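S.K.: quick one, fold the following:
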Amino acid sequence: MPIEPTVTVLAGPTAVGKGTVSTYIRDHYPQVWLSVSATTRAPRPGEVDGVHYFFVSDAEFDAMVTDHALLEWAIVHNSHRYGTPKHKVDEALAQGRSVLLEIDLQGAREIKRTLPSAQFVFLAPPSWDEMVARLVGRGTETPEQQRARLETAKVELAAQPEFDHTVINDRVERAAAELVELMGLPAQVRD
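M.R.: Prediction:
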C-alpha cells in the first residue's frame with residue numbers, strides 16, 4: 001500500500017542544526033522532498049540560489065506576499081524575511097512525495113494555522129552549551145548578532161511543547177533517520 005504524501009514541519013532554535021539535518025536528508029533520502037525557502041538575506045559562503053534558498057530582493061518578496069504565493073512567511077531575527085513558496089509544495093505533493101519544511105518557529109506557527117494536518121517536529125540541541133558552541137563556531141554572525149540569536153533561542157526552546165515530536169540533534173545521521181521514520185518513511189540511507 002503506497003504511503004500517503006505528508007507535510008512535516010521541522011523547526012527549532014537558532015544554531016540547532018536544522019539546515020544541516022535537512023541537507024543530510026535531501027542528500028541521503030530521495031523519498032523526501034525538501035522545500036527550499038525564499039529569503040531576502042544575502043547568501044552565506046557556499047550557499048547556492050535555488051538549492052539552499054531562493055535569494056530574492058525585497059520587491060520580489062513583496063510581490064510573493066501580495067500574490068499569496070507563500071504558504072507562510074516571517075521576519076526572522078528582526079532583519080530578513082523568509083517564506084515557503086506554495087506552488088513548489090503543491091507540486092511535490094501532487095507527485096506523491098512527502099514534504100519536509102525546515103522553517104523557524106514563527107513559520108511553524110503559521111503552518112499550524114493554515115495546514116493543521118501537517119506533522120510538527122521540534123529539533124532540539126543536546127545541550128545549551130552545544131548550541132552556543134555551534135552558533136559561535138559557524139562564524140557567520142557578529143558577537144552582537146550572536147547575543148540576539150541566543151536571546152531568541154531561549155524563547156524558541158520554550159515552544160517545544162507546541163510540537164508533536166522532539167528529535168535531539170546529537171548526531172546528524174541519527175537525527176535525520178529519526179525524522180524520516182517520524183514521517184512514516186523507511187529510513188534507508190542512499191550512499
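S.K.: got any ranges where the protein has weak pLDDT?
M.R.: Along the chain, the parts satisfying pLDDT under 70 run over 1-3, 77, 187-191.
S.K.: what sits against the residue most central in space within it?
M.R.: Geometric centre of the chain, nearest residue: residue 102, 1.4 Å, by Cα atoms, centre = their mean. By Cβ atoms under 8 Å, 6 or more residues apart in numbering, the residues touching residue 102 are 10, 11, 18, 19, 21, 22, 34, 35, 37. All C-beta spots, glycine's among them, are computed from the backbone N, C-alpha and C.
S.K.: distance of the first one relative to residue 59?
M.R.: In this structure, residue 10 and residue 59 are separated by 29 Å, where distance is defined by Cβ to Cβ, to the nearest Å.
S.K.: residue 47: helix or strand, and which one exactly?
M.R.: Using DSSP states H and E, residue 47 falls within no helix or strand.
S.K.: what residues are up against the spatially closest residue to it that is not a sequence neighbour?
M.R.: Among residues not flanking residue 47 along the chain, residue 53 sits closest, at 6.5 Å (Cβ to Cβ, 6 or more residues apart in numbering). Applying Cβ under 8 Å, 6+ apart to residue 53 gives the contacts 36, 37, 38, 39, 41, 43, 47, 82.
S.K.: would CSV of those residues with distance to residue 176 be doable?
M.R.: What follows is the contacts of residue 53, written out as CSV (distance: Cβ to Cβ, whole Å):
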residue, distance to residue 176
36, 17
37, 19
38, 24
39, 23
41, 25
43, 24
47, 20
82, 22
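S.K.: that concludes my questions; thank you for your assistance.
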